[in-house]
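Participant: Here is my input; please provide its structure:
(3 chains)
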Amino acid sequence: MILRVVGLSKKYGGVSALEGVSLELREGEVVGMIGPNGSGKTTLLDLICGFIKPDLGRIYLNGMDVTDWKPFKIASLGVARTFQITKVFKKMTVIENMLAARRDPDKAYRLLRLVELDGLRDEYAENLSGGQQKLLEFVRSLMLEPRLLLMDEPMAGVTPVIMERLVELIKDVNRRGVTFLIVEHNISVVARLCERCLVLNNGRLIAEGNLEAIRNHPEVKKAYLGE
Amino acid sequence: MTGLFTGAVYSLVSIGLTIIFGTIRIVNFAHGEMLMLGMYLTFFLWSILGIDPLVALPIVFAVFFTAGYILQSTLIRPIQKHPIHAQMLMTLGLLLVLQNGAVLAWTADFRRVHTPYTDLTIRLGQDLFIDFPRMVAFLASLIMSLGLYIFLTKTYWGVAIRAVGQDSETAEILGVDVKRVYALTFGLGTACAAAAGTLISTYFPIYPYVGTTYIVMAFIVAVMGGLGNFLGAFLAGLVIGVVETLVAFGVSPLLRQTIPLVIFLLVLFFKPEGLFMIRLRK
Amino acid sequence: MGPTVYVVAFLLSLSVIPMLTESHVVIDVLFFTLLYAFLSTAWNIQSGFCGQYSVGHAAFLGIGAYTTAILYTRLGISPWLGLWVGAGMAALFALAIGFPTFRLRGYYYILATLAVAEVLRTFFLAWDFTGRSLGIAYPLTEDSFWDLQFHTSRAPYFYIMLAFLICSVLISHWIRYSKFGLNLLSIREDEDAAQSLGINPFRHKMAATALSAGLTGIGGALLAQFNLFIEPDTLMSLHVSADILLPSLVGGIGTVWGPVAGSFILQPLSWILRLGLGSDVIHIIIRGILLMVIVAIIPRGVVATVIERYVRPRLIKR
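Facilitator: Numbering: from 1, shown residues only, chains lettered A, B, ... in the order given. Next comes the predicted model:
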């Protein structure tokens, strides 16, 4: 699964959310995306998934130009997404959340067992704890056997136990060939999972490479620490 | 001409609606019933106490401001956090209760207020006849709108209302009594509607279903001007008033309600933010 | 299968009632109970399952009624055929307004449904073809199945309505537990998340509204046949739309049995009040109060919430 983004720009009013961002994802990679708040990370994910349209630039998935595609069409190509604020279907049960993706009860149970949610399958999603909801959102996205999984701050507000679980899961899933693009603030997680890292600031891609290189990058330091 | 006059009244009513929405984010279906009740109050003040509607205006305003304030604190506040459909259904219920309550209390008969100037017309130039009561209503609406505008921009509470409308959390942190602002806004909006009722009672019949007619228009105007946009509501009101009158005279009296509704739908479809969205925010 | 079995069994058991009583009143009340259960079930498909809350469903009711009435009174076409045409017209209308309206979010959509219903109502009031404010009156015939008119006994109306209601409940059930239904629920819960699962919201909303409208149209046709007279103000105004959604609200939005339960609570109550208080108006007031109270306290439906809080916890095994 190759994702290629070229010269993506998006403005809101007079403010540039993204400016001339280009990146490439190769199959099987786990790439991290970091940057201060408001640097455009979520906007980039939204653009890739089709929730918003760019002012400039193109997006290619598997060689196809999907820039103008609707989100559900892009999803059907094998792109899955988790959101910064978990978007589980609150007033539906856990099992219904899974089946809504695909009507495959066996697969659903297997995935739920993986995250120890199978006992709660008839519980309404809104009654789950925050961490459990994150796990649910994660395994739900796996129901469609995605080739590319975009995650927006999966570790935000999550207990250390759940964080471990998620990290293990991501590694497992990645071993089966799924490509990941993970937006995260938690640097240690990024260090464990991501071979490659992108740094965004003020809507621009200011650095790219492995974590070591980035840590010492002058622009990155400036972005996080100020002058 | 008449269109402008009618329009100004629409403006007033929908200004009330739009500030309520802008600040509390509730669409009050029962807004038209406030107008209707305002009319009834005016009627009774006139028939029992002999008070002229224009004189009664401040009284009506005060009464309904209080009523709205109380209404918000009791009925509206609990549902502010409820899902949207719940809120709308609640105000819809209120509409049914008030409307039919009026039928029950006062029957569906038309009442009219008669003042010395009810049938007065002024002649301007060769062909232009101006209906005096409508003109008065127009002027009063303008004055009230202006007054409201000054209130919203120059006084503490006015600014507080707008602040809460933009960002209620920040406003709260800055020390604004948000609960009171909500109640105030609702009171103000309600009072606007009732006052409008008083104004039109000089030339329009008073009956329980009059609210429905005006609320439809008020919604159209509010949406067209952009929900929450004071100036937009004002301008849109005038526009709609003119359009409606033109339709009634030019096209067909029967379609008088339909055409504005269609315009409403068109605006909703193509420009839901309203036609007059002026950037007042930074 | 769960609760639906009980609902259907209950409904079937009602069929003995006309054999037990000759009372027109009882049968009429039951007819309206079944009718509003039917209409609310239809409404629920679009609003309860899919989350597109419509306060203008009376428009579909009107279209179904008028189509059937016009076809019959002017072309002599049997209502049994006419009601399908009515359903089709209502569905087409729903699709037509779906295009522009489904782009709207939240408040705006609800307002649009209201506006559409009002446009249609005022339009029918002004249009010669629909008889303007005089509406359409049926010529009375002998008891006739083909003409769907029964005068000596109201029982046939009851049975016909019962049959349609059971069908609609089954349809509702089938939808709810199918992938289609899960998709609708997802769209209601979180449209963006639904999209990320590959669900096409627009197409689903259209399907839901067309189905909902079509069924409502059938209800309209049946109502026309019952009253043998239709006119815009009593058929298509706001409080009719309110009547259509109240049973779902009371019983439980988004459930199969909710609308039915709600109707069985509301309609008999309504009639008792009407007969007891002798005034049409009072019972509209009470309905209004009900609406307000229920919505304020229990937005998801009285019966549903009761079941949620007290019954479910015992059913779930940990």
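
Participant: from here on, contacts and neighbour counts on C-alpha atoms
Facilitator: Fine.

Participant: Which residues are in contact with the residue nearest to the spatial centre of chain C?
Facilitator: Of all residues in chain C, the one closest to the mean position by Cα atoms, centre = their mean is residue C:39, 1.3 Å from it. Residue C:39 is in contact with C:215-216, C:219, C:244, counting by Cα atoms under 8 Å, 6 or more residues apart in numbering or on different chains.

Participant: Now, those that are in helices?
Facilitator: Among the contacts of residue C:39, the members found in helices (DSSP state H) are C:215-216, C:219, C:244.

Participant: Looking at the residues you listed, which is nearest chain B?
Facilitator: Distance to chain B, by Cα to the nearest Cα, is smallest for residue C:244 among the ones in helices among the contacts of residue C:39, at 12.3 Å.

Participant: ok, how many other residues are close to the closest one?
Facilitator: 30 (other Cα atoms under 10 Å in any protein chain shown).

Participant: which ones are touching it?
Facilitator: Applying Cα under 8 Å, 6+ apart, the residues near residue C:244 are C:36, C:39-40, C:43, C:57-58.

Participant: now with 10 Å?
Facilitator: C:35-44, C:54-58, C:61, C:216, C:238, C:259, C:263 (Cα atoms under 10 Å, 6 or more residues apart in numbering or on different chains).

Participant: how close does it sit to residue C:53?
Facilitator: 12 Å (Cα to Cα, to the nearest Å).

Participant: shared neighbours of the two, anything?
Facilitator: C:43-44.

Participant: Dihedrals phi and psi, the nearest residue to residue C:151 once chain neighbours are set aside?
Facilitator: Excluding the flanking residues, the one nearest residue C:151 by Cα to Cα, 6 or more residues apart in numbering or on different chains is residue C:143, at 5.8 Å. The phi and psi values for residue C:143, taken as degrees, to the nearest 10, are phi -50, psi 120.

Participant: any bit of stretch C:100-119 sitting next to chain B?
Facilitator: Yes. Judged by Cα under 10 Å from any Cα of the partner chain, stretch C:100-119 and chain B are in contact via C:100-119.

Participant: near chain C at all, whichever helix or strand residue A:95 is part of?
Facilitator: If you go by DSSP states H and E, residue A:95 is part of helix A:94-101. Yes. Residues of helix A:94-101 contacting chain C under Cα under 10 Å from any Cα: A:96-101.

Participant: ok, now stretch A:169-181?
Facilitator: No. Using Cα under 10 Å from any Cα, stretch A:169-181 stays clear of chain C, with a minimum separation of 15.4 Å.

Participant: The residue nearest to residue C:151 and residue C:190, how far apart?
Facilitator: Residue C:143 is 51 Å from residue C:190, by Cα to Cα.

Participant: Chain B contacts on the stretch 1-150 of chain C?
Facilitator: Residues of the stretch 1-150 of chain C lying near chain B (Cα under 10 Å from any Cα): C:47, C:51-55, C:97, C:99-127, C:132.

Participant: contacting residues around the residue nearest to residue C:151?
Facilitator: Contacts of residue C:143 by Cα under 10 Å, 6+ apart are C:149-153, C:156.

Participant: Pipe those into CSV and attach distance to residue B:188 per row.
Facilitator: Listed next are the contacts of residue C:143 as CSV, based on distance: Cα to Cα, whole Å:
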residue, distance to residue B:188
C:149, 54
C:150, 55
C:151, 55
C:152, 58
C:153, 56
C:156, 55
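
Participant: related to what we said a few turns ago, could you dump the residues of helix A:94-101 next to chain C to CSV with distance to residue B:186, pLDDT and neighbour count?
Facilitator: CSV is the format used below for the residues of helix A:94-101 next to chain C (distance: Cα to Cα, whole Å; pLDDT from 0 to 100; neighbours: other Cα atoms under 10 Å in any protein chain shown):
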residue, distance to residue B:186, pLDDT, neighbour count
A:96, 41, 94, 27
A:97, 40, 95, 28
A:98, 44, 95, 30
A:99, 45, 95, 21
A:100, 42, 94, 26
A:101, 44, 93, 25
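
Participant: quick one: low-confidence parts of chain B?
Facilitator: B:1-4, B:84-85, B:116-130, B:228, B:248-254, B:256, B:271-282 (pLDDT under 70).

Participant: Turn the contacts of residue C:39 into JSON lines, including pLDDT and distance to residue A:168.
Facilitator: Shown next, in JSON lines, are the contacts of residue C:39 (pLDDT from 0 to 100; distance: Cα to Cα, whole Å):
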{"residue": "C:215", "pLDDT": "97", "distance to residue A:168": "50"}
{"residue": "C:216", "pLDDT": "97", "distance to residue A:168": "52"}
{"residue": "C:219", "pLDDT": "96", "distance to residue A:168": "56"}
{"residue": "C:244", "pLDDT": "93", "distance to residue A:168": "51"}
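
Participant: Any chance of a ChimeraX selection covering the buried ones in the residues you listed?
Facilitator: ChimeraX command restricting the contacts of residue C:39 to the buried ones, with burial defined by 16 or more other Cα atoms under 10 Å in any protein chain shown:
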select /C:215,216,219,244
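
Participant: and of the contacts of residue C:39, the nearest to residue A:185?
Facilitator: residue C:244 (49.8 Å; Cα to Cα).

Participant: quick one: the helices in chain B?
Facilitator: B:2-24, B:31-49, B:53-71, B:77-79, B:84-106, B:132-154, B:156-166, B:168-173, B:178-200, B:210-225, B:230-246, B:258-270.

Participant: Ok, chain A next?
Facilitator: Going by DSSP H, chain A shows helices at A:41-49, A:71-76, A:94-101, A:105-114, A:130-142, A:160-175, A:187-193, A:211-215, A:218-225.

Participant: export the longest one as CSV, just CAs?
Facilitator: Put plainly, it is helix A:160-175. Output in CSV follows, covering the C-alpha atoms of helix A:160-175 (Å, rounded to 0.1, in the frame of the first residue of the first chain):
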residue,chain,number,x,y,z
PRO,A,160,-0.2,2.6,30.9
VAL,A,161,-1.7,-0.9,30.8
ILE,A,162,-3.8,0.0,27.8
MET,A,163,-1.0,1.8,26.2
GLU,A,164,1.2,-1.4,26.4
ARG,A,165,-1.7,-3.3,24.9
LEU,A,166,-2.1,-0.9,22.0
VAL,A,167,1.6,-0.9,21.3
GLU,A,168,1.7,-4.6,21.2
LEU,A,169,-1.3,-4.7,19.0
ILE,A,170,0.1,-2.2,16.5
LYS,A,171,3.3,-4.2,16.3
ASP,A,172,1.3,-7.4,15.7
VAL,A,173,-0.9,-5.9,13.1
ASN,A,174,2.1,-4.3,11.4
ARG,A,175,3.9,-7.7,11.3
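
Participant: hmm, who's touching it?
Facilitator: A:27-30, A:114-115, A:130-132, A:134-135, A:138-139, A:142, A:145, A:147-149, A:154-159, A:178-180, A:189-190, A:192-194.

Participant: Please indicate which of those are buried?
Facilitator: Buried, going by 16+ other Cα under 10 Å: A:27-30, A:115, A:130-132, A:134-135, A:138-139, A:142, A:147-149, A:154-156, A:158, A:178-180, A:190, A:193-194, out of the contacts of helix A:160-175.

Participant: just to revisit the earlier point, now, among the ones in helices among the contacts of residue C:39, which is nearest to residue A:67?
Facilitator: Distances from residue A:67 to the ones in helices among the contacts of residue C:39, taken by Cα to Cα, are shortest for residue C:215, at 39.2 Å.
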